[in-house]
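A.B. asks: Generate coordinates for the sequence data below:
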Amino acid sequence: MSEPTAVEATRRRLTGKRADTVLRLGDATIEVLRQVSYSEMTVPMVAAHAGLARATAYIYFSSKEHLVAEVYWRRLAGISPPDNDAPDVADRVVAVLRQLALLVADEPQFAGAVTKSLFSDDSDVVELRTQVSRVIHKLIAAAVGTAGDAQTVELIELIYTGAMVRAGSGHFSYDEVADQMESAARRILA
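C.D. replies: Modelled structure (predicted):
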């Protein structure tokens, strides 16, 4: 048995068995999305895959959009801010943008699910969108450091957002948008 781990959730902070349940549902979400499309996925399907009752899943997640958005948010929240000892701000920013862009690149079903889920008007997803934005802002601001101002950070965030829309729409791969973001960030930070 693993040691008790505290897990932040949209609705409340969880520890022990409850935290384990949320993590199991998150892992099961990824596994289910490897087997079926997002449109076919259901919360009860994920719960069954996790070995839990559907009612248990609905205690923690209001919808499949909420479930997918939370799994994505957890991944984002696990990214460490860049080491500001790197002398070149552009290199730091590019490293963060690549890490953000490639976070879901190897899991196309999950990536598509994230894109769809984050546009949901589910109140829990709305809260998660805010938290996702905060994490992204924090990472980009840390990469820019004292070399830029708030407007520079905002421009880089806009580049990131536009690139993710491009990748999420399927018009470009995540690798391609990572390259495009690098080019744009280097121009801004030159």
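A.B. asks: list the buried ones in the host helix or strand of A90?
C.D. replies: Using DSSP states H and E, A90 falls within helix 89-101. By 16 or more other C-beta atoms under 10 Å, the buried positions in helix 89-101 come out as 89-94, 96-101. (C-beta placed from N, C-alpha, C; glycine too.)
A.B. asks: elements contacting whichever helix or strand comes after it?
C.D. replies: If you walk from helix 89-101 toward the C-terminus, the next helix or strand you reach (DSSP H and E) is helix 108-118. Helices and strands touching helix 108-118, by 3 or more C-beta pairs under 8 Å, 6 or more residues apart in numbering; DSSP states H and E, are helix 16-35, helix 64-77, helix 123-144, helix 150-168.
A.B. asks: Could you check how far the third one is from the centre of its chain?
C.D. replies: For helix 123-144, the distance from its own C-alpha centre to the chain's C-alpha centre is 9 Å (C-alpha atoms, centre = their mean, to the nearest Å).
A.B. asks: sorry, back to before: what's the helix holding A90 in contact with?
C.D. replies: With C-beta atoms under 8 Å, 6 or more residues apart in numbering as the test, helix 89-101 has contacts from 76, 79, 82-84, 86, 136, 139-140, 142-145, 147-148, 156, 159-160, 163-164, 167, 174-175, 177-178, 181-182, 185-186, 189-190.
A.B. asks: angle of that helix against helix 123-144?
C.D. replies: With axes from the mean of the first three to the mean of the last three C-alpha atoms, to 10 degrees applied, the angle from helix 89-101 to helix 123-144 works out at 160 degrees.
A.B. asks: between helix 89-101 and helix 150-168, how many degrees?
C.D. replies: Orientation note: helix 89-101 sits at an angle of 40 degrees relative to helix 150-168 (the same axes, to 10 degrees).
A.B. asks: tell me the average confidence for helix 89-101?
C.D. replies: Along helix 89-101, the predicted local confidence has a mean pLDDT of 93.
A.B. asks: how far out from the middle of the chain is that helix?
C.D. replies: In terms of C-alpha atoms, centre = their mean, the centre of helix 89-101 is set 16 Å apart from its chain centre.
A.B. asks: can you pull the alpha-carbon coordinates of it into PDB?
C.D. replies: As requested, C-alpha coordinates have been extracted for helix 89-101 and formatted as PDB (Å, rounded to 0.1, in the frame of the first residue of the first chain):
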ATOM      1  CA  VAL A  89      15.600  33.900 -21.300                       C
ATOM      2  CA  ALA A  90      14.600  32.700 -24.800                       C
ATOM      3  CA  ASP A  91      16.000  29.300 -24.100                       C
ATOM      4  CA  ARG A  92      14.100  29.100 -20.800                       C
ATOM      5  CA  VAL A  93      10.800  30.200 -22.400                       C
ATOM      6  CA  VAL A  94      11.200  27.800 -25.300                       C
ATOM      7  CA  ALA A  95      11.900  24.900 -22.900                       C
ATOM      8  CA  VAL A  96       8.700  25.700 -21.000                       C
ATOM      9  CA  LEU A  97       6.600  26.100 -24.200                       C
ATOM     10  CA  ARG A  98       7.900  22.800 -25.600                       C
ATOM     11  CA  GLN A  99       7.200  21.000 -22.300                       C
ATOM     12  CA  LEU A 100       3.600  22.400 -22.300                       C
ATOM     13  CA  ALA A 101       3.000  21.700 -26.000                       C
END
